[in-house]
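**Q** Coordinates for the following, if possible.
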Amino acid sequence: MRRLLLAAAMLGTVSAAHAADMPDLPFLRGSFTDGLSRSNVNWEGYYVGGQGEYGAITSKISSTINSDIQSTFVTPGPAYNWQPLAFAHSNSAGYGAFAGYNGQWDDVVLGVEANYIHGGFKSTSNSVGQTFNNLNAVIATTVTSAVVGVSDFGSLRARAGYAWGCFLPYAFIGGGVGSQTVDRYASASPSSVQPATTFASKSKLVYGYSGGLGFDAMLVGGLFVRVEYEYLRVTSDIESNVNSVRAGLGYKF
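**A** Numbering: from 1, shown residues only. Next comes the predicted model:
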């Protein structure tokens, strides 16, 4: 019996020594489940990430924005019936990146972030006008349209959040600059008796501001996911408003 107890004690000593000599492998220290169950996450530091978005854009174009183009058309007989344009709308998607720095005081997190979106946001408005004769037959038709695109926008944000376990809900506000393109078109039938301007386009650097809400969720190590809502208003030239939702993946160093 004494020999059996002595052998068991020696085996336990050898096993403990062997476990102490094993290397501490980082991938064995945590998992996605561990990350989502952590009660104290340190959000302080630099971070970078990528994101995608989907949203709706509305551009407040003037109803007579194409009057200069329309004036180049001269009717050979029947009067043209140009119809005014309404506000332009569309839905679209985009993608981009973000980078920033967080400072943390207990559960309060304050930071600054650079945010960029490359998108295909193009709001479109068009109208058709017709002229009728006494027999109610169409004798002249006009088509006019305007497309306002906000293809790129970069902003600098101020963020304020509250660390709640592995989650960081936050609000942000910022301002930035972007590229706005305005394409205008008009046509009329029957053809005019002199050459007419049918198309005009211009691009311009515009500015605006943004604000919204979101949250980051730490997964494992410094890897986190992001979901947020943003309202963007372009206030120069033609006013455009974009409401979008975003999802992203980032890493905090």
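**Q** can you give me the helices in this protein?
**A** In the chain, the segments counted as helices under DSSP state H are 2-21, 32-37, 67-70.
**Q** list the buried ones in the shortest one?
**A** For helix 67-70, burial by neighbour count (16 or more other CB atoms under 10 Å) applies to 69-70. The way it works is simple: take the backbone N, C-alpha and C, and place the C-beta from them, glycine included.
**Q** same question, stretch 107-123
**A** Neighbour counts over stretch 107-123 (16+ other CB under 10 Å) mark 109, 111, 113-117, 119, 121-123 as buried.
**Q** Would you map the strands across the stretch 101-250 of the chain?
**A** Under the criterion DSSP state E, counting those that start in this stretch, the stretch 101-250 of the chain contains strands at 108-132, 138-162, 167-189, 199-220, 223-234, 240-252.
**Q** Same list, those strands, but as a markdown table with distance to Leu85 please.
**A** Output for those, formatted as a markdown table (distance: least, CB to CB, whole Å):
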| stretch | distance to Leu85 |
| --- | --- |
| strand 108-132 | 5 |
| strand 138-162 | 6 |
| strand 167-189 | 9 |
| strand 199-220 | 14 |
| strand 223-234 | 18 |
| strand 240-252 | 15 |
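**Q** So for Tyr46, which of those strands sits nearest?
**A** The closest of these to Tyr46 is strand 240-252. By CB to CB, the value is 7.3 Å.
**Q** For the closest one, list every residue counted as buried.
**A** Buried-residue list, strand 240-252, by 16+ other CB under 10 Å: 240-242, 244, 246, 248, 250, 252.
**Q** go on, stretch 58-76?
**A** Across stretch 58-76, burial judged by 16+ other CB under 10 Å covers 58-59, 61, 65-66, 69-70, 73, 75.
**Q** residues of stretch 220-231 that come out buried?
**A** For stretch 220-231, by 16+ other CB under 10 Å, it's 220, 222, 224, 226, 228, 230.
**Q** Next one: the third one, what pLDDT does it get?
**A** So that's Phe224. Phe224 is assigned 98 on the pLDDT scale.
**Q** Who does it form a beta bridge with?
**A** Counting by DSSP bridges, Phe224 is bridged to Met218, Gly250.
**Q** What is the burial count for Gly178?
**A** 24 (other CB atoms under 10 Å).
**Q** Same check on Ala93?
**A** 12.
**Q** List the contacts of it.
**A** Neighbour list for Ala93: 52-55, 119-120 [criterion: CB atoms under 8 Å, 6 or more residues apart in numbering].
**Q** Report pLDDT for it.
**A** 92.
**Q** Confidence-wise, which of the buried residues of stretch 107-123 comes last?
**A** For the buried residues of stretch 107-123, the pLDDT minimum is Gly119, 81.
**Q** Return the helix or strand in this structure with minimum mean pLDDT.
**A** When the helices and strands of the chain are scored by mean pLDDT, DSSP states H and E, helix 2-21 comes last with a mean of 43.
**Q** list the contacts for the residue nearest to the spatial centre of the chain?
**A** Residue closest to the average C-alpha location in the chain (CA atoms, centre = their mean): Glu53, at 4.3 Å. By CB under 8 Å, 6+ apart, the residues touching Glu53 are 93-96, 117, 119, 230, 244-247.
**Q** Adding distance to Ala188, write those residues out as TSV.
**A** TSV is the format used below for the contacts of Glu53 (distance: CB to CB, whole Å):
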residue	distance to Ala188
Ala93	35
Gly94	35
Tyr95	40
Gly96	41
Ile117	38
Gly119	33
Glu230	41
Ser244	37
Val245	41
Arg246	43
Ala247	46
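**Q** Show the pLDDT at Pro76.
**A** pLDDT recorded at Pro76 is 82.
**Q** isn't it right up against Ala188?
**A** No - at 10.1 Å, Pro76 does not count as touching Ala188 under the criterion of CB atoms under 8 Å.
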